[in-house]
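1. Pasted the sequence and its predicted model underneath.
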Amino acid sequence: MKRRIKSTLRHVFPERRLRHIVGSGASITTHMSVLERLALFETAYGAAMTGRVLEVGSYLGASSVVLAEAMMRKLGYGTVHCVDTWMNHAMGQEGQRPTMDEFDENTSNWSHMITKVVGDSKVVELPDVKLDFVFIDGDHSYEGASVDCKRTSPLVRVGGSIAFHDSDRPEVARVVGELLSTGSWRPRRVEHTLCVVQRLGIK
């Protein structure tokens, strides 16, 4: 009964709940819906064990602060490795422009938990650690999403998860399908265009 009430409240007052979780971070400009950000928080929170998270495509920091807050609330610590060029390369409709200053300002309250990895996710050096959670929201072409998935999925620990944004796009959906077809992952959750898969195996 309590779980049902919480689920109902979550959908009736999602903006209030998101603001309760990340405060001013709820107002950061993003292409993610409020419910998608809540789902991102909940799945990252559930996956948290080591406190190590990787995000591909950080834009202005809306999802970055959600991931940082999930680690902080679950463990009291954590590191979110944010991979981006901060030149708006993946936001073609908006045109290229520097966005790092906006990102830094928006994420200032979580800066002690965020490690920026500046560069193209296809070639940039990734952290050589096992991760609880990966969020892929960078280049949405098939090639871009596929490379991001192939580079990051081996880093996810058993029981950890990967979330894909914009999984309604055929190119991204194809990458998700290919990952699931390996038999090493299972569907975990879908919230609008956010699709979460979990790594299987023996711990």
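-> Received the coordinates, thanks.
2. And what about the residue nearest in space to the middle of the chain, helix, strand or coil?
-> Centre of the chain computed as the mean C-alpha position; nearest residue by C-alpha atoms, centre = their mean is Phe135, 2.9 Å away. Assigned by DSSP: H, G, I helix; E, B strand; the rest coil, the conformation of Phe135 is strand.
3. Wait, Ser121 touches Val56, no?
-> Yes: between Ser121 and Val56 there is a contact at 4.8 Å, judged by C-beta atoms under 8 Å. All C-beta spots, glycine's among them, are computed from the backbone N, C-alpha and C.
4. rewinding a little: with Gly46 as the reference, measure out to the residue nearest to the centre of the chain.
-> 14 Å (C-beta to C-beta, to the nearest Å).
5. Which positions in the biggest strand by length in the chain come out as buried?
-> If you go by DSSP state E, the chain has its longest strand at strand 156-164. By 16 or more other C-beta atoms under 10 Å, the buried positions in strand 156-164 come out as Val156, Arg157, Gly160, Ser161, Ile162, Ala163, Phe164.
6. Within the sheet, what are the partner strands of it, with directions?
-> Paired strands of strand 156-164, with direction, are strand 131-136 (parallel), strand 194-199 (antiparallel) (DSSP bridges).
7. Which residues does the last one contact?
-> The reference is to strand 194-199. 32, 36, 39-40, 43, 47, 153, 156-165, 167, 176, 179-180, 184-190 (C-beta atoms under 8 Å, 6 or more residues apart in numbering).
8. Over to stretch 23-43?
-> Under C-beta under 8 Å, 6+ apart, the answer for stretch 23-43 is 10-11, 14-15, 17-19, 21-22, 59-63, 65-67, 69-70, 106-107, 109-110, 133, 135, 137, 161, 163, 165, 188-189, 191-194, 196.
9. my read: Ile114 touches Cys82, true?
-> Yes: Ile114 is within contact range of Cys82, at 5.8 Å (criterion: C-beta under 8 Å).
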